[in-house]
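Participant: A structural model of the following input is requested.
(chains A, B and C)
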Amino acid sequence: MKEVIAMPIHGPDEPVYTIGVMARLVGVSAQTLRAWEREGLVCPQRTSTNNRLYSENDFHRLIRIRDLAAQGINPAGIRAILGTAGERPAAKRG
DNA sequence: TTTCTAACA
DNA sequence: TGTTAGGA
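Facilitator: Predicted structure coming up:
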(Lines give C-alpha, C1' and ligand atoms only; values in the text may rest on other atoms or scores of the structure.)
Protein backbone atom coordinates (compact mmCIF):
# COMPACT_ATOMS: atom_id res chain seq x y z
CA MET A 1 0.00 0.00 0.00
CA LYS A 2 0.97 3.49 -0.67
CA GLU A 3 2.12 5.24 2.46
CA VAL A 4 -0.18 8.04 3.39
CA ILE A 5 1.53 11.06 4.83
CA ALA A 6 -0.66 13.13 7.11
CA MET A 7 -0.57 16.61 5.67
CA PRO A 8 -1.60 19.43 7.95
CA ILE A 9 -4.38 21.33 6.27
CA HIS A 10 -3.93 24.22 8.64
CA GLY A 11 -0.70 25.77 9.75
CA PRO A 12 0.01 26.69 13.37
CA ASP A 13 -0.98 30.27 12.63
CA GLU A 14 -4.25 29.29 10.98
CA PRO A 15 -7.13 30.68 13.04
CA VAL A 16 -9.55 27.78 13.45
CA TYR A 17 -10.72 27.57 17.07
CA THR A 18 -13.72 29.47 18.37
CA ILE A 19 -13.54 30.95 21.84
CA GLY A 20 -15.68 28.14 23.24
CA VAL A 21 -13.43 25.42 21.84
CA MET A 22 -10.27 27.21 22.93
CA ALA A 23 -11.66 27.76 26.42
CA ARG A 24 -12.15 24.00 26.80
CA LEU A 25 -8.74 23.23 25.33
CA VAL A 26 -6.96 25.63 27.67
CA GLY A 27 -9.18 24.86 30.64
CA VAL A 28 -10.49 28.35 31.32
CA SER A 29 -13.75 30.15 30.62
CA ALA A 30 -14.54 32.10 27.47
CA GLN A 31 -14.85 35.19 29.67
CA THR A 32 -11.28 34.68 30.80
CA LEU A 33 -10.06 34.48 27.21
CA ARG A 34 -11.86 37.75 26.45
CA ALA A 35 -10.34 39.32 29.55
CA TRP A 36 -6.86 38.22 28.49
CA GLU A 37 -7.38 39.75 25.10
CA ARG A 38 -8.38 43.03 26.74
CA GLU A 39 -5.19 42.88 28.77
CA GLY A 40 -3.25 42.53 25.54
CA LEU A 41 -2.03 39.02 26.32
CA VAL A 42 -3.46 37.52 23.14
CA CYS A 43 -4.81 38.84 19.86
CA PRO A 44 -6.95 36.25 18.09
CA GLN A 45 -8.09 36.71 14.49
CA ARG A 46 -11.66 37.88 13.91
CA THR A 47 -14.29 36.53 11.57
CA SER A 48 -16.41 38.79 9.39
CA THR A 49 -19.02 38.67 12.19
CA ASN A 50 -16.50 39.76 14.82
CA ASN A 51 -16.10 36.33 16.36
CA ARG A 52 -12.67 35.44 17.74
CA LEU A 53 -10.72 32.66 16.04
CA TYR A 54 -7.68 31.24 17.80
CA SER A 55 -4.78 29.39 16.17
CA GLU A 56 -2.63 26.56 17.49
CA ASN A 57 -0.01 29.21 18.20
CA ASP A 58 -2.51 31.06 20.35
CA PHE A 59 -3.20 27.78 22.15
CA HIS A 60 0.42 27.34 23.22
CA ARG A 61 0.62 30.97 24.28
CA LEU A 62 -2.61 30.67 26.26
CA ILE A 63 -1.25 27.64 28.09
CA ARG A 64 1.72 29.71 29.23
CA ILE A 65 -0.49 32.65 30.14
CA ARG A 66 -2.68 30.33 32.18
CA ASP A 67 0.39 28.92 33.92
CA LEU A 68 1.76 32.34 34.77
CA ALA A 69 -1.63 33.65 35.88
CA ALA A 70 -2.00 30.59 38.13
CA GLN A 71 1.21 31.66 39.82
CA GLY A 72 -0.35 34.98 40.70
CA ILE A 73 1.48 36.96 38.03
CA ASN A 74 -0.54 39.94 36.82
CA PRO A 75 -1.15 40.80 33.14
CA ALA A 76 1.65 43.36 33.08
CA GLY A 77 4.07 40.76 34.36
CA ILE A 78 2.87 38.14 31.89
CA ARG A 79 3.24 40.68 29.10
CA ALA A 80 6.79 41.37 30.23
CA ILE A 81 7.59 37.65 30.23
CA LEU A 82 5.87 36.52 27.04
CA GLY A 83 6.02 39.80 25.20
CA THR A 84 3.15 41.86 23.83
CA ALA A 85 0.61 39.82 21.90
CA GLY A 86 1.21 40.11 18.21
CA GLU A 87 4.78 41.14 18.74
CA ARG A 88 7.10 39.38 16.36
CA PRO A 89 10.54 38.26 17.52
CA ALA A 90 12.96 40.74 16.01
CA ALA A 91 14.90 39.22 13.15
CA LYS A 92 18.59 38.91 13.83
CA ARG A 93 20.54 41.82 12.42
CA GLY A 94 23.92 41.43 10.91
C1' DT B 1 -26.99 27.36 20.49
C1' DT B 2 -22.91 30.16 20.43
C1' DT B 3 -20.68 34.44 20.47
C1' DC B 4 -20.38 39.65 21.06
C1' DT B 5 -19.92 44.03 24.04
C1' DA B 6 -20.44 46.44 28.34
C1' DA B 7 -20.88 46.93 33.20
C1' DC B 8 -20.95 45.45 37.99
C1' DA B 9 -19.50 42.72 42.06
C1' DT C 1 -12.90 36.01 37.36
C1' DG C 2 -17.87 35.32 37.33
C1' DT C 3 -22.33 37.03 36.34
C1' DT C 4 -25.93 39.64 34.07
C1' DA C 5 -28.29 42.23 30.21
C1' DG C 6 -29.35 42.82 25.41
C1' DG C 7 -28.18 41.92 20.67
C1' DA C 8 -26.41 39.51 16.14
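
Participant: For the rest of this, base every contact and every neighbour count on C-alpha atoms.
Facilitator: Noted.

Participant: Any idea which residue of chain A lies closest to DNA strand B?
Facilitator: A:Gly20 (3.2 Å; Cα to the nearest atom of the strand).

Participant: Next up, the contacts around that residue.
Facilitator: A:29-30 (Cα atoms under 8 Å, 6 or more residues apart in numbering).

Participant: what about it, which helix or strand?
Facilitator: helix A:19-26 (DSSP states H and E).

Participant: got the phi/psi numbers for A:Glu14?
Facilitator: Torsion angles at A:Glu14 (phi, psi; degrees, to the nearest 10) stand at phi -70, psi 120.

Participant: how many other residues sit next to it?
Facilitator: Using other Cα atoms under 10 Å, A:Glu14 has 15 other residues around it.

Participant: measure it to DNA strand C for me?
Facilitator: 23 Å (Cα to the nearest atom of the strand, to the nearest Å).

Participant: if I pick the nearest residue to that residue once chain neighbours are set aside, what's in contact with it?
Facilitator: In this structure, A:Glu14 finds its nearest non-sequential neighbour in A:Ser55, 5.2 Å apart by Cα to Cα, 6 or more residues apart in numbering. Residues near A:Ser55 by Cα under 8 Å, 6+ apart: A:12-17, A:44.

Participant: Which ChimeraX command selects the buried ones in those residues?
Facilitator: To isolate the buried ones among the contacts of A:Ser55 in ChimeraX, judged by 16 or more other Cα atoms under 10 Å, type:
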select /A:15,16,17,44
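
Participant: Now render the contacts of A:Ser55 as CSV, adding secondary structure.
Facilitator: Shown next, in CSV, are the contacts of A:Ser55 (DSSP: H, G, I helix; E, B strand; the rest coil):
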residue, secondary structure
A:Pro12, coil
A:Asp13, coil
A:Glu14, coil
A:Pro15, coil
A:Val16, coil
A:Tyr17, strand
A:Pro44, coil
